[in-house]
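Undergrad: sequence first, then the predicted structure, then my questions.
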Amino acid sequence: MIYVTGDTHGDFGRFSKKKLRIKGMELTADDYVIVCGDLGLCWAKDKTFDYNCKNFQQKSYTTLWVQGNHENFDMIAEFPIEEWHGGKVRHIVRDKVILLERGQVFDINGKTFFTFGGASSHDVQGGILNRNDYDFEYERCKAIDSGLPFRIVHESWWPQELPNEEEMEEGRRNLEKVNYKVDYVITHCCSSRMQAILDKGPGRIYEDNILTKYLQEIEEKLEYKHWYFGHYHNDKSIDDKHTLLYYAILEIETESLDDVPVLGRPKYSHSDTVEFNWGEDCTKTGQIHVIDAYGTFEQSSEPSYDVLVKEDNCLYKHICESDIIRKIM
């Protein structure tokens, strides 16, 4: 099976066996998890990188990803480009963590994917500083005093976050080979049109750029089943063909955000009467009294609830949303 999720930013806790088991996911060597950018594995060659690589190496499944904007592109470029499932990739952890390059079409488990990573950083209000500039220290101190987020060229920000013309043209050529028809699209940011829908309000946060305009061009020509993307730090079904992902993990083709627990978005309300699993062969019925939208200290993968079962005179605490069978009307 193939699953898809949003930005991880170097925090891979959602992939622990315990958290996957809570979601009912028992992944095997035949399974893939695709991260829609900002994986955060390639950031610095340090002990954390070595530890995370060893951790991924031990996993049964394969992690695939596209570039985000918060990636060390210089470090990524040190890994050679290879051919894999019909497109260009870089093996970060051999056969366990594979970067899907921009503008590629892959055939994975009989499904076709168009991939295009990258995005424009919007957390640079304090400036993009260059350590080689003569006034670097002055500008850095000014940025710190302002309290605004800033980045440093080739240390925390890379110009390669946005594509060049060669990468965009390669995407066009590869789509022409398949007559502009694929099953799924995996990107980090989205088209200008989708971004405008996300960015409704009195002031725009996300500006159109060369990549959002390119994805708009692609979308107007492309025939596809579904488009998954990250970057905007939310879990949201935009419409029946576009899903923004952050924490949620979905099985491609069979699941939508309506089917899975989403952290921060409890499905049930206070005073709802629900039937829930308690133990292996037991179910209970009670009324919700407490909602923990972001889980509890025991688990932070999905909302949980405290449910009062009157016949037991007991408040059953921290019932995971995935353990609730149904709401009783």
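TA: Looks like it arrived, so ask away. Numbering: from 1, shown residues only.

Undergrad: count the neighbours of V178 for me.
TA: If you count neighbours by other C-beta atoms under 10 Å, V178 ends up with 15. (Each C-beta comes from the backbone N, C-alpha and C, glycine too.)

Undergrad: list the contacts for it?
TA: Neighbouring residues of V178 by C-beta atoms under 8 Å, 6 or more residues apart in numbering: 105, 112.

Undergrad: and the gap between it and I252?
TA: Using C-beta to C-beta, to the nearest Å, V178 is found at 18 Å from I252.

Undergrad: likewise for T115?
TA: 13 Å.

Undergrad: could you do L211 as well?
TA: According to C-beta to C-beta, L211 and I252 sit 23 Å apart.

Undergrad: I'd assumed N52 was in a helix, is it?
TA: Yes: according to DSSP: H, G, I helix; E, B strand; the rest coil, N52 belongs to a helix.

Undergrad: looks like it contacts F12 (just checking).
TA: Yes: using C-beta atoms under 8 Å, N52 is in contact with F12, at 6.6 Å.

Undergrad: what's the helix or strand for T48?
TA: helix 47-57 (DSSP states H and E).

Undergrad: so what touches the helix or strand that that helix is followed by?
TA: Sequence order places strand 62-65 as the next helix or strand after helix 47-57, per DSSP H and E. Residues from elsewhere that reach strand 62-65 (C-beta under 8 Å, 6+ apart): 15, 29, 31-37, 39, 56, 95-100, 108, 117.

Undergrad: can you show me the CA trace of strand 62-65 as CSV?
TA: Output of strand 62-65 as CSV, limited to C-alpha atoms (Å, rounded to 0.1, in the frame of the first residue of the first chain):
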residue,chain,number,x,y,z
THR,A,62,10.2,2.7,2.2
THR,A,63,9.9,6.4,2.8
LEU,A,64,9.7,8.5,-0.3
TRP,A,65,9.7,12.3,-0.4
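
Undergrad: alpha carbons of stretch 288-303, as CSV, please.
TA: This file holds the C-alpha atoms of stretch 288-303, laid out as CSV (Å, rounded to 0.1, in the frame of the first residue of the first chain):
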residue,chain,number,x,y,z
ILE,A,288,-18.2,12.6,26.1
HIS,A,289,-17.3,15.0,28.9
VAL,A,290,-13.7,16.1,28.0
ILE,A,291,-12.1,16.6,24.6
ASP,A,292,-8.3,16.6,24.1
ALA,A,293,-8.0,17.9,20.6
TYR,A,294,-4.3,17.4,20.5
GLY,A,295,-4.2,14.0,22.3
THR,A,296,-2.6,13.5,25.7
PHE,A,297,0.7,12.8,27.3
GLU,A,298,0.1,9.2,26.4
GLN,A,299,-0.3,9.8,22.7
SER,A,300,-0.2,12.9,20.4
SER,A,301,-1.2,11.3,17.2
GLU,A,302,-5.0,12.0,17.3
PRO,A,303,-7.7,13.6,19.4
